[in-house]
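> based on what follows, work out the 3D shape:
(one chain, ligands or ions: 1)
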Amino acid sequence: MNEKQSPLKVLILGANGFIGSSLTSAMLRRTDWEVYGMDVGDHKLTHVLGHNRFHFVEGDITINREWIEYHVKKCDVVIPLVAIANPAQYVKHPLRVFELDFEANLEIVRKCVKYGKRLVFPSTSEVYGMCPEEVLDEQASNMVYGPIDKQRWIYAASKQLLDRVIYAYGLEGLDYTLFRPFNWIGPKLDNVMEPKEGSSRLFTQFISNVIFKKPIQLVDGGSQSRSFTFIDDGVDCLLKIIENKDGCASRKIFNIGNPNNNVSVADLAKIIIEAFKHYPDYQEHAEQAQVVSVSSQEYFGKYYQDIYTRVPSIEAAKEALGWWPTVDLQTAIRRTLDYHLAHEDYELTSAA
Ligand code: NAD
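I've put the predicted structure just below:
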């Protein structure tokens, strides 16, 4: 894909995560790039661990600093994906979120500055906070957060400050792209076989609740809406950003989301339950599925505050990258359930 003589060398930290593992597979399948990865675990990478262009080390980014410095120096593009990215954790462990999501990543950003390496960094749709605008725009939208005791915002605030730091380094020469995923979903988001409430992000939690015949809990009735984006669409966009043909992604910020998949959380629950009916072993689970409403205070505790709507403008990505999402919500859910319930080999069947 790249036009350089030697293949691009990509360093991906958090390679075993939801985005990291899908992106790693896609880079190995669809490009000739050399991929260097680190994560504290490797269970989502088992299908690529022996690949001759994948060089993986199990390790903690806050400890293995020398390995990271050496590989930032060696690689062309650095993608730091390590973070705590589950809202239940923001209210329970705010300082841990700050230390990992902000402090540990700032170190890596500074290494990219030191060695003049291109940085592709995950911001988040959460940075817009409670912005009341109908459609969120990278350049124009405001970022609106609640009071300090609403600890949920420590994640958004950490990400926002890093966005600003990276932008400022960009003015001094750093080559970067900031991308903002809008509720990416798909196989291996979190562990569907972990029934503990709050251990997963909501999409996985709902699937897990149906599997384990536990009621789906809609926080404050589930009227909040999100623009759910299938992982393959997100990864397609990331490949274009990493390839960076003619510098099309340099020093830019992109929302990566699917405005056509904007539904309420209550509707998401209904669509997931309906989709289970296609799997003979789970029809009874779907028929017996229960949906209940729970207050946000009860579910997340008093330090939570919600975001009611979150629709991305994706004009910037369309214009600069020629990218737009193509997978509708029903298909995204079916592909996820095919992977988890019918054990379809997702790595072999997903877009080539
Ligand atoms: P994830 O939680 O699935 O992956 C994070 C990975 O980091 C995990 O594999 C974890 O094992 C690893 N990790 C954690 N601590 C580590 C450490 N100290 N050393 C090494 N590895 C460590 O998250 P994700 O969904 O893949 O998200 C990746 C990035 O994208 C994060 O920065 C997240 O905030 C951002 N993001 C994701 C979404 C989304 O929809 N998934 C939305 C907005 C932003």
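
> Gln89: what's it in contact with?
96-97 (Cβ atoms under 8 Å, 6 or more residues apart in numbering). In short, each C-beta sits where N, CA and C put it, glycine included.

> for it, pull up the helix or strand it's in.
helix 87-92 (DSSP states H and E).

> again with Leu178
Per DSSP H and E: strand 176-181 holds Leu178.

> name the residues of stretch 324-331 that are buried.
Residues of stretch 324-331 classed as buried: 325, 327, 329 (neighbour count, 16 or more other Cβ atoms under 10 Å).

> whoops, I mixed them up, stretch 305-315
For stretch 305-315, by 16+ other Cβ under 10 Å, it's 305-307, 309-314.

> just the residues you listed that are near the ligand?
With Cβ under 6 Å from any ligand atom as the criterion, the buried residues of stretch 305-315 include none near the ligand.

> follow-up on the earlier one: close to the ligand, is the helix or strand following the helix holding Gln89?
Sequence-wise, the next helix or strand downstream of helix 87-92 (DSSP H and E) is helix 94-97. No - applying Cβ under 6 Å from any ligand atom, one finds helix 94-97 separated from the ligand by no less than 9.6 Å.

> next one: stretch 24-35
No - interface with the ligand: stretch 24-35 contributes nothing (Cβ under 6 Å from any ligand atom), its closest point being 10.8 Å away.

> mind listing what's buried along that stretch?
Buried residues in stretch 24-35 (16+ other Cβ under 10 Å): 24-28, 31, 33-35.

> ok, Tyr36 - contacts?
Tyr36 touches 9-12, 55-56, 71, 74-75, counting by Cβ under 8 Å, 6+ apart.

> element containing it?
Per DSSP H and E: strand 34-39 holds Tyr36.

> so where do the helices sit in the stretch 151-300 of the chain?
153-171, 202-211, 231-243, 265-276, 283-288, 296-300 (DSSP state H, counting those that start in this stretch).

> closest to Ala83 out of those helices?
Ala83 lies closest to helix 153-171 among the helices of the stretch 151-300 of the chain, at 8.2 Å (Cβ to Cβ).

> relative to strand 176-181, how tilted is the closest one?
150 degrees (axes from the mean of the first three to the mean of the last three Cα atoms, to 10 degrees).

> give the other helices and strands that helix 153-171 contacts.
helix 87-92, helix 94-97, helix 105-115, strand 118-122, strand 176-181 (3 or more Cβ pairs under 8 Å, 6 or more residues apart in numbering; DSSP states H and E).

> check those for me: which has the lowest mean pLDDT.
Mean pLDDT across the helices and strands packed on helix 153-171 is lowest at helix 87-92; the value there is a mean of 90.
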